[in-house]
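Undergrad: what follows is a predicted structure for the sequence shown.
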Amino acid sequence: MSTSTDLDRSSGTTGDSGTGRRGGAGQRPRRRVTPGRVVLYVALVVVSLAWLFPVLWAVMTSFRSYEFTAVNGYVSWGGFTLDNYVDAWTGGNFARYFLNTLIITVPAVLATLALASMAAFVLARFSWKLNIAMLIFFTAANLLPQQALLVPLYRFYLYVGLYDTYWAVIITHIAFQMGFCTFVLSNYMKTLPKELGEAAFVDGAGVWRQYWQVVLPLCRPPLAALATLQVTWVYNDFFWAVAFLSTGDKFPVTSALQNLRGQFFIDYNLVSAGSVIVAIPTLVVFFALQRHFVSGLTLGANKG
Amino acid sequence: MATTTAPPRPRKGRGLQLLTRRDKTVLTLMVGLPALLVGAVVWVPVVLTVVLSFTSWNGIGLPAASDWVGTQNFVDITTNYPPFWIAIRNNALWLVVFFLIATPLGMLMAVLLDRELKGSWFYRSALYMPVVLSLALAGFIWQLIYSRDQGLLNRVLGLESADRIDWYGDPDINIWAVLVIASWRHVGYIMLLYLAGLKSVDPALKEAASVDGASEVRTFFSVVFPTMAPINVVVLVITVIESLRAFDLVWVINGGRNGLEVIGALILSNIAGEASLVGFGSALATILILVSLVFIVIYMVNILREEKR
């Protein structure tokens, strides 16, 4: 598989709408409606709806009052209200938790991309003895299960006083996600013509200027893809937050959902409203930046 | 590996000999800082985990020579710690269900959606929407379906209150309920990877096979599937790693107890809280590391093979 077209292929073809696939080359004749095709479409629609159903059910439950569903059951119609959202937002202290998520996600993603792009630049654009060893060093780190590093990190953060601070979570995210980003970025940088660097080199530009002014601006597509993906991953993280934070109001929003579960009884309508609130940012990212999201995911795999 | 790096290859840009000292320093920093961080936060802890697994350190003070117990933790885990075998069974079930159901289903959906179909955007989005939701959130959303008294599933099954099933609570069935959720999320991920893989298969290859009269199923298995070998390895590794990482779902449901034991959750419950069995928890983590390393090596070999092309 040649490397030069990996990004175009994956970003252009899988992410966006079904139109214009295969670059419009060779329009096939319209197929006739056969029984097989009808079965195919019915199966696809059924599977798609089944996949959407749990989320749609949560959305529907979130808009209904507890009093109504307690009497009529959930398989019923009526009792629509927005109160669950108001109660979840205030009762669940979501403003605070979203702020925590922001405090963790923004520096983690920015630092990961900055450091990974530097490492990738060196690995992709210069040949030296340790190229492949370093690539393995970075990439394999991201494949380990998080639990593999949990024990010493947990003791270490406790020991140096970083336990129960945002720093512990942010630093761990940066180090753990770096491998994937370095891998993707270095593959992309290898596809850029090497004359680019040569020209700058002849002009007397140092390596830092080559990185910052020549290579990095050309890496906008993979950086956008990775940023989308990393924001989603860090936002969705549950493990590191649960492992390294203990004070209730430091938790990011994904792990704060627990607070809506009462000690002895669960108001499912309230919990669904909370779930929808937590899901909205990732769903917005998903629908608005689907192309980036998909190309990010497949970028790592396509070349691997 | 060593042989590929020795001669400076023209494809890869310059060697280092033409650079000024300042440039060399800058380059060293650019790769050195990230490497230092990954080394300190990922690789050193991995090595320490393995070392700690041979101790009985309880987290008080620093580990001392007297804490060394050899392989005692591993003996205890396998002979005297029932949750371990339940966890092994659950992680294995996770893997088997992913391999036999979720991964093939994802592949099938990719093959179906790889053609020009009306509304394929809709089918694709529906299938991979769960991928963007966190597993913890998925646990909450599915609670509305699985809850014993208020859940949709018992209602649809029409069970009276006495024989209602506690899908999350019954230790004999909750792992299956959880695996449905995990698969719900895994299918979209695999579909995505295969869709990308299928795009890179030369359409002429498929055309040629169909001209030769091969059925679509046959074309897929004997022509398309083998050419996707790199993607197949990625999918294999991702499937294994995802099943080893299993944690979020069981942790939000009940903290990984009562039928939902998985290795990942046992590690955290052993080292945190009052017990603080650091050595014991590390031994559990070491077992996890050993299993993952096998697949990480497979993945790396695959990358290196691609690299040489």
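TA: Sure, I can see it. What you see is a predicted model; the values in this text were computed from it and never measured.
Undergrad: can you show me the strands along the stretch 1-150 of chain B?
TA: Counting by DSSP state E, counting those that start in this stretch, the stretch 1-150 of chain B has no strands at all.
Undergrad: how about the helices in it?
TA: B:2-5, B:21-38, B:44-52, B:72-80, B:82-97, B:103-113, B:120-132, B:135-146 (DSSP state H, counting those that start in this stretch).
Undergrad: ok, and does the fourth one reach over to chain A?
TA: Yep, that's helix B:72-80 we're talking about. No - using C-beta under 8 Å from any C-beta of the partner chain, helix B:72-80 never reaches chain A; the gap is at least 11.9 Å. Yep, even glycine has a C-beta here, placed from its N, CA and C like the rest.
Undergrad: what's the spacing between that helix and its chain's center?
TA: The chain centroid and the centroid of helix B:72-80 are separated by 26 Å under C-alpha atoms, centre = their mean, to the nearest Å.
Undergrad: go on, stretch B:109-116?
TA: Here stretch B:109-116 is found 24 Å from its chain centre; the criterion is C-alpha atoms, centre = their mean.
Undergrad: same question for that stretch, mean pLDDT?
TA: Across stretch B:109-116, pLDDT averages out at 86.
Undergrad: any buried residues in that stretch, and which?
TA: Judged by neighbour count (16 or more other C-beta atoms under 10 Å in any protein chain shown), stretch B:109-116 contains these buried residues: B:Met109, B:Ala110, B:Val111, B:Leu112, B:Leu113, B:Asp114.
Undergrad: which strands and helices lie in contact with the helix or strand containing A:Asn100?
TA: Per DSSP states H and E: A:Asn100 is located in helix A:94-125. Identification of packing neighbours for helix A:94-125 by 3 or more C-beta pairs under 8 Å, 6 or more residues apart in numbering or on different chains; DSSP states H and E yields helix A:131-143, helix A:166-191, helix A:220-236, helix A:253-256, helix B:21-38.
Undergrad: ok, A:Val231 - contacts?
TA: By C-beta atoms under 8 Å, 6 or more residues apart in numbering or on different chains, the contact list for A:Val231 reads A:Thr105, A:Val109, A:Val285.
Undergrad: confidence score at the closest residue in space to A:Thr81 that isn't next to it in sequence?
TA: The shortest distance from A:Thr81 to any non-neighbouring residue, by C-beta to C-beta, 6 or more residues apart in numbering or on different chains, is to A:Ser65 (4.6 Å). A:Ser65 is assigned 89 on the pLDDT scale.
Undergrad: now do the same contact list for A:Ser65.
TA: A:Gly79, A:Phe80, A:Thr81, A:Asp83, A:Asn84, A:Asn269.
Undergrad: report the angle between the axes of the helix holding A:Asn100 and helix A:220-236?
TA: On the basis of axes from the mean of the first three to the mean of the last three C-alpha atoms, to 10 degrees, helix A:94-125 is oriented at 140 degrees to helix A:220-236.
Undergrad: could you measure from B:Ser120 over to B:Ile303?
TA: Distance, B:Ser120 to B:Ile303, by C-beta to C-beta, to the nearest Å: 31 Å.
Undergrad: hmm, I was thinking of A:Phe121
TA: A:Phe121 is 19 Å from B:Ile303, where distance means C-beta to C-beta.
Undergrad: cool, A:Pro217 as well?
TA: 27 Å.
Undergrad: among the contacts of A:Ser65, which lie within helices?
TA: The helices, defined by DSSP state H, take in A:Asp83, A:Asn84, A:Asn269 from these.
Undergrad: shaky segments in the stretch 201-309 of chain B?
TA: Applying pLDDT under 70 to the stretch 201-309 of chain B flags residues B:273-275, B:309.
Undergrad: list the contacts for residue 78?
TA: Reading this off chain A. So A:Gly78 contacts A:Arg64, A:Phe68, A:Asn72 (C-beta under 8 Å, 6+ apart).
Undergrad: my question was about chain B
TA: So B:Thr78 contacts B:Phe84 (C-beta under 8 Å, 6+ apart).
Undergrad: now the one 10 residues further on
TA: For B:Ile88, the set of contacting residues under the criterion of C-beta under 8 Å, 6+ apart consists of B:Ile263.
Undergrad: in stretch A:124-144, what counts as buried?
TA: A:124-128, A:131-132, A:134-144.
Undergrad: please say which of A:Pro217 and B:Ile303 ends up with more neighbours.
TA: Under the criterion of other C-beta atoms under 10 Å in any protein chain shown, the comparison of A:Pro217 against B:Ile303 puts B:Ile303 first, with 21 against 9.
Undergrad: please, which helix or strand holds the more buried one?
TA: If you go by DSSP H and E, B:Ile303 is part of helix B:278-308.
Undergrad: thought A:Val294 was touching B:Leu193?
TA: No - using C-beta atoms under 8 Å, A:Val294 is not in contact with B:Leu193; the gap is 10.2 Å.
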